[in-house]
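> all I have is the shape, not the residue letters:
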């Protein structure tokens, strides 16, 4: 049994980065950018008005009100062919180019128009209400960095700089198999001794939320023949996810079947709660194989800690694991046993930082308690209890609105 950090290191060391591909920018939301994107133009591409008003020369405002002759109108989308000279002004709309000669814009609210003349009622400093050409970005500057998870703002940037095709990491192809004679379809009412299959669908949803292309292959029975058939098909994927059948019971046959199909085991137990019986291996063509534990919460926790970072790295993410945050416990948190525990909790901001509320749970089968959580609260090894007021480590879940690349807002060093 190995430590959580060691297990994750082994996973990431054996995770390949997939080839990049080009996609249309409007289809790139959620993808991981594979190359820097540079601007082909200055932004703004011309000096433009930030308000509706009058473009003028500041020197003409030494005495107020200042009467000026209106020499033209510049709507957005046009470009003025005239210049503003002494004693003149041009009416400009928001976003319109600034005529030559003008060095400021006074808002229309501070003016009074009469025929072809305007009285400017208040002074403005030079440059006021003008967005100068190139003040946001110079042509040739990087506007989107390699490794960024693309979102709506990224799409807007790509459109602005004319990058209509974006190089992104290929989406990992993931196969999902649930195992166990006890599993029935969610549409069926379970007979005695049976349970509805949730793991196959939770893993499919988690993998899709990670950006993967997912094939759900169904339920494998607890026989070598059934397992071999579905696993053989699943090994064609970049990553194969199985739930159940990796413990030490008489019918836990997954590792045996995987070995027979050429899968090399990297490790098969982690000092983790929930999720100790976790098997990770490599197929003969280098694909990752995850034998996840069968209890629903264990399945989802081990996906978060090991599978999600691996899928992110496959796409090209340079910081694939989510950072652990810190919060102050509002209630005591207990743990049984020597393994590191990841327990359901709710995190919210409070004056001075984050606070954590533990969520009562009945164990690794209590998927309802897990569904209430927006984070996992971490109880260190050999720690029986954390008291209210103590600091607790926090692993943020998707509903905490966190991402794998928190550095995306600043240029990486």
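Great, that's in hand. Nothing here was measured: the structure is a model prediction, and the numbers come from that model. Numbering: from 1, shown residues only.

> would you confirm that residue 209 contacts residue 398?
Yes - the criterion here is Cβ atoms under 8 Å, and residue 209 meets it with residue 398 at 5.9 Å. Backbone N, C-alpha and C define where each C-beta goes, glycine included.

> between the two, which one's more packed in?
residue 398 (15 against 12; other Cβ atoms under 10 Å).

> report the distance from the longest strand along the chain to the chain centre.
Longest strand in the chain by number of residues (criterion: DSSP state E): strand 340-350. Centroid displacement of strand 340-350 relative to its chain, using Cα atoms, centre = their mean, to the nearest Å, is 20 Å.

> quick one: buried residues of that strand?
For strand 340-350, the neighbour count (16 or more other Cβ atoms under 10 Å) marks 340-347 as buried.

> got the phi/psi numbers for residue 309?
Recorded main-chain torsions at residue 309 are phi -60, psi -40, according to degrees, to the nearest 10.

> how far away is it from residue 297?
Distance from residue 309 to residue 297, counting by Cβ to Cβ, to the nearest Å: 19 Å.

> between these two, tell me which one has more neighbours.
Set side by side, residue 309 and residue 297 show more neighbours around residue 297, with 26 against 21, by other Cβ under 10 Å.

> let me know the pLDDT of the nearest residue to residue 69 once chain neighbours are set aside.
Using Cβ to Cβ, 6 or more residues apart in numbering and skipping residues adjacent in sequence, the residue nearest residue 69 is residue 88, 5.2 Å away. In this prediction, residue 88 carries a pLDDT score of 98.

> compute the number of surrounding residues for residue 88.
Using other Cβ under 10 Å, residue 88 has 22 neighbouring residues.

> phi, psi of it?
Dihedral angles for residue 88 - degrees, to the nearest 10 - are phi -120, psi 160.

> can you pull the contacts of residue 61?
Residue 61 makes contact with 120, 123-124, according to Cβ atoms under 8 Å, 6 or more residues apart in numbering.

> for it, give me the pLDDT.
pLDDT at residue 61 comes out at 96.

> repeat that for the one 4 residues further on.
Predicted confidence (pLDDT) at residue 65: the value is 96.

> for it, give me its contacts.
112, 119-121.

> how much space separates it from residue 112?
Distance, residue 65 to residue 112, by Cβ to Cβ: 7 Å.

> find residues that contact each of those two.
By Cβ under 8 Å, 6+ apart, the residues touching both residue 65 and residue 112 are 119, 121.

> most neighbours out of the contacts of residue 65, which is it?
Greatest neighbour count in those, by other Cβ under 10 Å, goes to residue 120: 21 neighbours.

> now that one: how far from residue 106?
Applying Cβ to Cβ, the value for residue 120 to residue 106 is 5 Å.

> kindly report the same for residue 400.
Using Cβ to Cβ, one gets 47 Å for the distance from residue 400 to residue 106.

> which one's more surrounded, those two?
Under the neighbour definition other Cβ under 10 Å, residue 400 and residue 106 were set side by side, and residue 106 has more, 25 against 18.

> list phi and psi for that one.
Dihedral angles (degrees, to the nearest 10) for residue 106: phi -100, psi 130.

> show me what contacts it?
By Cβ under 8 Å, 6+ apart, the contact set of residue 106 is 53-54, 56, 120, 122, 124, 128-129.

> nearest to residue 17 among the residues you listed?
Lowest distance from residue 17 to these (Cβ to Cβ) belongs to residue 129, with 47.4 Å.

> wait, that closest one sits on residue 52?
No - with contact defined as Cβ under 8 Å, residue 129 does not reach residue 52; the gap is 9.6 Å.

> what's the overlap in contacts for the two?
By the contact definition Cβ under 8 Å, 6+ apart, residue 129 and residue 52 are jointly contacted by residue 107.

> who has more neighbours, these two?
Between residue 129 and residue 52, residue 129 has the larger neighbour count (other Cβ under 10 Å), namely 21 against 17.

> residues contacting the more buried one?
Shown in contact with residue 129 (Cβ under 8 Å, 6+ apart): 49-51, 53, 104-107.

> 7 Å instead?
Counting by Cβ atoms under 7 Å, 6 or more residues apart in numbering, residue 129 touches 49-51, 53, 104-105, 107.

> residue 222 too?
179-181, 245, 251, 253.

> do the same with residue 394
Counted by Cβ under 7 Å, 6+ apart, residue 394 has contacts 324-327, 347, 354, 356, 375, 377-378.

> pLDDT on the helix or strand hosting residue 392, on average?
Counting by DSSP states H and E, the element that carries residue 392 is strand 391-396. Per-residue pLDDT values across strand 391-396 average out to 95.

> what segments of the stretch 151-300 of the chain are strands?
Per DSSP state E, counting those that start in this stretch, the stretch 151-300 of the chain carries strands over the ranges 165-169, 173-179, 183-184, 195-196, 213-220, 239-243, 264-267, 272-273, 279-282, 288-292.

> among those, which is nearest residue 139?
strand 165-169 (18.8 Å).

> which stretch of helix or strand covers residue 328?
Counting by DSSP H and E, residue 328 is part of strand 325-329.

> can you report how many residues lie near residue 353?
Look at residue 353: counted by other Cβ under 10 Å, it has 11 neighbours.

> which strand residues bridge it?
Assessed by DSSP bridges, residue 353 has beta-bridge partners residue 350.

> neighbours of residue 77, how many?
9.

> so where's the stretch 101-250 of the chain uncertain?
The model of the stretch 101-250 of the chain has pLDDT under 70 over residues 247-250.
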